[in-house]
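S.K.: Please work out how this folds:
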Amino acid sequence: MYITDLKTISPQNTYNNELLAGEVRVIEDKVYHAIEPNYLSFIPKGLLRRMGKAVRMGVGTGLPLVQKHNDIEGILIGTANGGLEDCIKFLNQIVEYEEGVLTPTNFVQSTPNAVAGQLALMGSNRGYNTTYTNGGLSFESTLLDSFLLFEEGKHQKLLIGGLEEISSYNYNIDSLANKYKDEIISSDKLINSRTKGTICGEGASLFIVEKDAKDYYAQIIDVAQITYPTEDDLGKLLTEFLAKNKIKASSIDSVMLGYNGDLRHNKWYEYVDMNFFSNANILGFKNLIGDFRTSSAFATWLSAHILNGTYKDEQTVLLRHSNNHPKKKILIYNHFDEVRHSFILLSK
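M.R.: Have a look, this model is predicted:
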């Protein structure tokens, strides 16, 4: 499966690719908010004013790709929470109006499949359309489904991606579960933080993927996922994953790990690093965007640009330099809450 086009909205200046030129934004806040573009240039005002943030980011990222590639045969979106802000507004209306006549806008915009549906309507796409809400594996589920669709032989080109918004509701719920730091920490110091919790981020990363392509950013070789593993379970999965794809650990020159500044999470990344990839370059990405359940979609966007040579400031994400090998293979290993873990393998 090949990435032939891609676009992202994130807490960095990524929409017009300023980050690729080395313009790294250092953020100092308790949350890392996405930098949104001027949507009015391509989204009708009447539609835009009804959109919640998650829908705005998803449509704003996906619509240029849909308009550019009008031959896509399906849309697959992964999001853990969807438009939760609008969802809570709708639920509050049920109470306020005593289950009477409700405003439908908040309900329509709050459903997780609102982004995939809006993109299909605005792009006149009648193909396969699905949304995955599998928590920290939502984006990985779109990859797995894409592989299955391509193997069936009925699809050649798809739009896939992952997105998440920061809403006060899901932020407060996760804060009560001690997922986030109490203190403010700047993004350039996040990964080396030695306290509990991380910093919440948000964004949307979408991709055009094709079964076969000659001109592409990167190839997605495979994806694997596991839930509630022990370290032995994780090691066994990784060993089988590499063997399945006939790749030795030593042939992977760079590993992108989801270090997020939470002291409690480091053991997983250290285990994979020390036991399998002690001679590989170690990269990070959450120092750029914070942490959220579909952050692996941004990691895929960043890895594709590194493999393609269009990302010019690798020092920003380089956590350990171990070799000077050309970037030919990158393995992404990520989890959000120590529950759902995934590997995504990309090649030049």
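
S.K.: does residue 6 sit in a helix, a strand or a coil?
M.R.: Secondary structure state of residue 6, per DSSP: H, G, I helix; E, B strand; the rest coil, is strand.

S.K.: Would you mind giving both backbone torsions of the closest residue to it other than its chain neighbours?
M.R.: Leaving out its chain neighbours, the residue that sits closest to residue 6 by Cβ to Cβ, 6 or more residues apart in numbering is residue 207, at 4.7 Å. Placement of C-beta: from N, CA and C, glycine included. The phi/psi pair for residue 207 (degrees, to the nearest 10) reads phi -140, psi 140.

S.K.: Please list all residues in contact with residue 207.
M.R.: Contact analysis of residue 207 by Cβ atoms under 8 Å, 6 or more residues apart in numbering lists 3, 5-6, 65, 159-161, 300-301, 304.

S.K.: Neighbour count, secondary structure and distance to residue 23 added to the residues you listed, as JSON lines?
M.R.: Formatted as JSON lines, the contacts of residue 207 follow (neighbours: other Cβ atoms under 10 Å; DSSP: H, G, I helix; E, B strand; the rest coil; distance: Cβ to Cβ, whole Å):
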{"residue": "3", "neighbour count": "24", "secondary structure": "strand", "distance to residue 23": "23"}
{"residue": "5", "neighbour count": "16", "secondary structure": "strand", "distance to residue 23": "22"}
{"residue": "6", "neighbour count": "21", "secondary structure": "strand", "distance to residue 23": "18"}
{"residue": "65", "neighbour count": "21", "secondary structure": "helix", "distance to residue 23": "23"}
{"residue": "159", "neighbour count": "28", "secondary structure": "strand", "distance to residue 23": "27"}
{"residue": "160", "neighbour count": "29", "secondary structure": "strand", "distance to residue 23": "27"}
{"residue": "161", "neighbour count": "31", "secondary structure": "strand", "distance to residue 23": "23"}
{"residue": "300", "neighbour count": "31", "secondary structure": "helix", "distance to residue 23": "21"}
{"residue": "301", "neighbour count": "27", "secondary structure": "helix", "distance to residue 23": "16"}
{"residue": "304", "neighbour count": "24", "secondary structure": "helix", "distance to residue 23": "19"}
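
S.K.: can you tell me which of these lies nearest to residue 47?
M.R.: residue 65 (17.4 Å; Cβ to Cβ).

S.K.: how close does the residue nearest to residue 6 get to residue 231?
M.R.: 31 Å (Cβ to Cβ, to the nearest Å).

S.K.: Kindly report the same for residue 135.
M.R.: 21 Å.

S.K.: Same question for residue 274.
M.R.: 11 Å.

S.K.: Neighbour count for the two, which is higher?
M.R.: residue 231 (12 against 9; other Cβ atoms under 10 Å).

S.K.: what about the more buried one, distance to residue 267?
M.R.: On the measure of Cβ to Cβ, residue 231 and residue 267 end up 8 Å apart.

S.K.: And residue 252, by the same measure?
M.R.: Taking Cβ to Cβ as the measure, residue 252 falls 21 Å from residue 267.

S.K.: Between those two, tell me which one has more neighbours.
M.R.: More neighbours surround residue 252 than the other of residue 252 and residue 267, with 22 against 11 (other Cβ under 10 Å).

S.K.: List the contacts of that one.
M.R.: Applying Cβ under 8 Å, 6+ apart, the residues near residue 252 are 277, 280, 329-331, 345.

S.K.: which parts of stretch 247-265 are buried?
M.R.: By 16 or more other Cβ atoms under 10 Å, the buried positions in stretch 247-265 come out as 247, 249, 252-262, 265.

S.K.: for stretch 277-293, same thing?
M.R.: So, applying 16+ other Cβ under 10 Å, buried residues of stretch 277-293: 277, 280-293.

S.K.: pLDDT score for the nearest residue to residue 114 once chain neighbours are set aside?
M.R.: Using Cβ to Cβ, 6+ apart and skipping the chain neighbours, the partner closest in space to residue 114 is residue 55 (5.1 Å). The model reports residue 55 with a pLDDT of 91.

S.K.: Am I right that residue 55 is in contact with residue 116?
M.R.: No: checked against Cβ atoms under 8 Å, the pair residue 55 and residue 116 is beyond contact range at 10.3 Å.

S.K.: can you list the domains in the chain?
M.R.: 2-210, 221-347 (automatic domain parsing).
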